[in-house]
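# I need the structure of the sequence given here:
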Amino acid sequence: MYRCLFLLFFLVASCRAQMSLKPSDFDSVSNPIRIGNLLCNRFLEQPHSQYGSPLRINEPRTQITYPDVCTWLGGLWFAEATKNQALINRFEKRYVNVITNEKHLLPIPNHVDNNVFGALPLELFKLKGDSNNYNLGMMYANSQWELPTIDSIKKSLTPIQLDRFKRGYSWQTRIWLDDMFMITAIQGQAYRVTKNNAFINRIAKEMVLYLDSIQTPNGLFYHSPTAPFYWSRGNGWLAVGMTEVLRVLPENNQYRPTILAAYKKMMQSLLSMQSEDGLWNQLLDQKDAWKETSGSSMFTYAMIIGSKKGWLDSKIYGRAAIKSWKTLVTYLEKNGDIRNVCEGTNIGTTKEHYLNRLKVTGDFHGQAPMIWCAYALTNKF
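Below is the predicted model of the structure:
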């Protein structure tokens, strides 16, 4: 009898641990459905950004940039997860306006940050079944693994890029942290709509190349081989990138054990570096660095998904994710803009380069992963 009571207590405790990742377990302030709607509405009421930054609002728009795509895609995921058809329609209307009235803003498929745009039409194809969306999205996906025909782009390729292409990698490979979200997002979407394993093998092989190149023994990542700094958002891109690969990668894929082990090692280090209030610093290993919200929300997303999918111990990592989420919500302005987002950051050669970056409010680099978190908390995986 005592054994049965113990088993019952264990099951109840386990259920409670899992319940902390459901929308109904949040108060009215931190409820992910409320927050997700706030963030989506904030995105939709604004014009296209210039690389996500409200500081660049007066610059001319030459294309849809990747921070918009990341926010837009997350908004569609969230709207679908919450079965909010009206919200889906608003996101679609914004997209239709681009491809009909603002075609000049469609990115040229010549860079990881541009090709990720294709994730949008592929998501809308999943929802609506429009073949035009399929064709546009697949153009961005396939051109990432096809040598460019435009002479100016082709001539700019380095011998290293060409060598990697010959070995089965994207010619856009550059071994920067954010690549591993940009590439995995578009290729993962291509897999979701085609179920063609070629797209899976592309991103899995590519991910292992990045893991071998810039993951350090503690599981974290340098910004690039020439920038040995644990920049928060840079590591966030890799954390989310691995999460997205693992979400679509079949259990029997040859690369899965390597990627899952790298993901778990990273999550373990992040857990040890989480601040008392739940956030992470601009430089992860610098205790005197300022709290940064875009990287923190990316880590939170990775931990939510890992806890829900069973890759991580939900009692430990679910608790860490909820602590972070509830603190991140306190950084939101009433209009949905989040504070303390690191401005757009190129690779640097000194610690000060990262510590002195501006703290921006309402930058889409921070808006996007907050929507991803709202989606992860509301969706059933």
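# for the stretch 201-350 of the chain, what spans make up the helices?
232-248, 256-273, 293-309, 319-329 (DSSP state H, counting those that start in this stretch).
# name the element Glu92 belongs to?
Per DSSP states H and E: Glu92 is located in helix 85-101.
# hmm, who's touching that helix?
37, 40, 44, 64, 72, 75-76, 78-80, 105-106, 120-121, 124, 127-128, 132, 136 (Cβ atoms under 8 Å, 6 or more residues apart in numbering). To be clear about C-beta, it is placed using only N, CA and C from the backbone, and glycine gets the same treatment.
# again, 7 Å this time
Cys40, Leu44, Ile64, Trp72, Gly75, Leu76, Ala79, Glu80, Leu105, Leu120, Leu124, Leu127 (Cβ atoms under 7 Å, 6 or more residues apart in numbering).
# List the buried residues in that helix.
Leu87, Ile88, Arg90, Phe91, Glu92, Arg94, Tyr95, Val98 (16 or more other Cβ atoms under 10 Å).
# would you turn the residues you listed into TSV with pLDDT and distance to Asp179?
Compiled in TSV, those are given as follows (pLDDT from 0 to 100; distance: Cβ to Cβ, whole Å):
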residue	pLDDT	distance to Asp179
Leu87	98	30
Ile88	98	29
Arg90	98	30
Phe91	98	25
Glu92	98	28
Arg94	98	26
Tyr95	98	24
Val98	98	24
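# ok, so of those, who is nearest Pro250?
Ile88 (28.5 Å; Cβ to Cβ).
# Now do the closest one against Glu244, distance only.
21 Å (Cβ to Cβ, to the nearest Å).
# now swap in Arg94 and tell me
Taken as Cβ to Cβ, the span from Arg94 to Glu244 is 23 Å.
# try Gln286
From Gln286 to Glu244 the distance is 28 Å (Cβ to Cβ).
# In terms of neighbours, single out the busier of those two.
The neighbour comparison of Gln286 against Glu244 (other Cβ atoms under 10 Å) goes to Glu244, with 24 against 15.
# In contact with the more buried one, which residues?
Thr184, Ala185, Gly188.
# Most neighbours among the residues you listed, which one?
Thr184 (30 neighbours).
# Work out for me the element that one sits within.
helix 179-194.
# Kindly export that helix (C-alpha atoms) in PDB.
Taking Å, rounded to 0.1, in the frame of the first residue of the first chain, the C-alpha atoms of helix 179-194 are listed here in PDB:
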ATOM      1  CA  ASP A 179      23.400  31.400 -39.500                       C
ATOM      2  CA  MET A 180      22.200  28.400 -37.500                       C
ATOM      3  CA  PHE A 181      18.800  29.800 -37.100                       C
ATOM      4  CA  MET A 182      18.500  31.500 -40.500                       C
ATOM      5  CA  ILE A 183      19.500  28.300 -42.400                       C
ATOM      6  CA  THR A 184      17.600  25.900 -40.300                       C
ATOM      7  CA  ALA A 185      14.400  28.000 -40.400                       C
ATOM      8  CA  ILE A 186      14.100  28.100 -44.100                       C
ATOM      9  CA  GLN A 187      15.300  24.500 -44.700                       C
ATOM     10  CA  GLY A 188      13.200  23.200 -41.800                       C
ATOM     11  CA  GLN A 189      10.100  24.800 -43.400                       C
ATOM     12  CA  ALA A 190      11.000  23.300 -46.700                       C
ATOM     13  CA  TYR A 191      11.000  19.900 -45.000                       C
ATOM     14  CA  ARG A 192       7.700  20.500 -43.300                       C
ATOM     15  CA  VAL A 193       5.900  21.200 -46.600                       C
ATOM     16  CA  THR A 194       7.700  18.500 -48.800                       C
END
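# pLDDT on that helix, on average?
In this model, helix 179-194 carries a mean pLDDT of 97.
# residues making contact with it?
66, 73, 112-113, 115-116, 118-119, 122-123, 125-126, 134, 137-138, 140-141, 144, 170, 199-200, 202-203, 206-207, 210, 237-238, 240-241, 244-245, 248.
# angle of it against helix 232-248?
20 degrees (axes from the mean of the first three to the mean of the last three Cα atoms, to 10 degrees).
# and the angle from helix 179-194 to helix 293-309?
40 degrees.
# Buried residues of helix 179-194, list them for me.
179-193.
# can you check stretch 207-218 too?
Those would be Met207, Val208, Leu209, Tyr210, Leu211, Ile214, Gln215, for stretch 207-218 by 16+ other Cβ under 10 Å.
# Now pLDDT and distance to Val360 too, for the residues you listed, in JSON lines please.
Output for the buried residues of stretch 207-218, formatted as JSON lines (pLDDT from 0 to 100; distance: Cβ to Cβ, whole Å):
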{"residue": "Met207", "pLDDT": "98", "distance to Val360": "29"}
{"residue": "Val208", "pLDDT": "98", "distance to Val360": "34"}
{"residue": "Leu209", "pLDDT": "97", "distance to Val360": "32"}
{"residue": "Tyr210", "pLDDT": "96", "distance to Val360": "27"}
{"residue": "Leu211", "pLDDT": "96", "distance to Val360": "30"}
{"residue": "Ile214", "pLDDT": "93", "distance to Val360": "26"}
{"residue": "Gln215", "pLDDT": "96", "distance to Val360": "28"}
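# Any chance of JSON lines for those residues, columns distance to Ser324?
Listed next are these as JSON lines, based on distance: Cβ to Cβ, whole Å:
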{"residue": "Met207", "distance to Ser324": "24"}
{"residue": "Val208", "distance to Ser324": "28"}
{"residue": "Leu209", "distance to Ser324": "30"}
{"residue": "Tyr210", "distance to Ser324": "25"}
{"residue": "Leu211", "distance to Ser324": "24"}
{"residue": "Ile214", "distance to Ser324": "24"}
{"residue": "Gln215", "distance to Ser324": "22"}
